[in-house]
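Engineer: following is a predicted model, sequence given first.
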Amino acid sequence: RGPAGRGMAAAAFERRVLRRAAEHHYLRVRLELPDGGARPNAAQFKQLVVTALRELHGEVGAALPVDVLTYEEKTLSAILRVISSGFVKLWSALTLLGFYQNRRCAFRVLQTSPFLLALCGNSRELVLD
């Protein structure tokens, strides 16, 4: 017989998570372009993100508030901030974008997090002396 059968009450555990949903999500992305040709500056990169949203989700998608927090033209890498309710829309739009100035391109989503601090460093890219 189990513990309950000996007059002992079985312990009841209840897990509660009292964390409110994050207001924003952050994405570390890289734009892959074939060699040669113009590389987008920060304004053109932002316009490319808006174009991706418009192509997949129409004008409602293009109105989604997305901020380019950092952009490195040399590596074509950026950190984007989007309201959490638009996270999936942004990710899907970036994934399905295929052209920039009539050249093939692809966005790679490298990291995502509801916490900006999580994207500040990547242990896989750490160089130890």
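Structural biologist: Okay, I see it.

Engineer: next up, phi/psi of Cys105, please.
Structural biologist: The phi and psi torsions at Cys105 (degrees, to the nearest 10) take the values phi -150, psi 170.

Engineer: wait, what's in contact with it?
Structural biologist: The neighbourhood of Cys105, defined by CB atoms under 8 Å, 6 or more residues apart in numbering, consists of Leu31, Glu32, Leu33, Leu97, Gly98, Phe99. Just so you know, the C-beta spots here come from the backbone N, C-alpha and C atoms, and that holds for glycine as well.

Engineer: pLDDT score for the residue most central in space within the chain?
Structural biologist: Central residue of the chain (CA atoms, centre = their mean): Leu27, 2.6 Å from the mean position. At Leu27, the pLDDT value in this model is 97.

Engineer: and it, how far from Gly36?
Structural biologist: Distance from Leu27 to Gly36, counting by CB to CB, to the nearest Å: 27 Å.

Engineer: now do the helix or strand encompassing Tyr26: everything it contacts.
Structural biologist: For Tyr26, the element it lies in under DSSP states H and E is strand 24-32. The contact list for strand 24-32, computed with CB under 8 Å, 6+ apart, reads 40, 45, 48, 69, 75-84, 87, 90-91, 94, 100, 105-116, 118-119.

Engineer: switch to 7 Å and redo it
Structural biologist: Taking contacts as CB atoms under 7 Å, 6 or more residues apart in numbering, the residues outside strand 24-32 that touch it are 75-84, 87, 91, 94, 105-114, 116, 119.

Engineer: pull out the buried members of those residues.
Structural biologist: The neighbour-count test (16 or more other CB atoms under 10 Å) applied to these identifies 76-83, 87, 91, 94, 105, 107, 112, 119 as buried.
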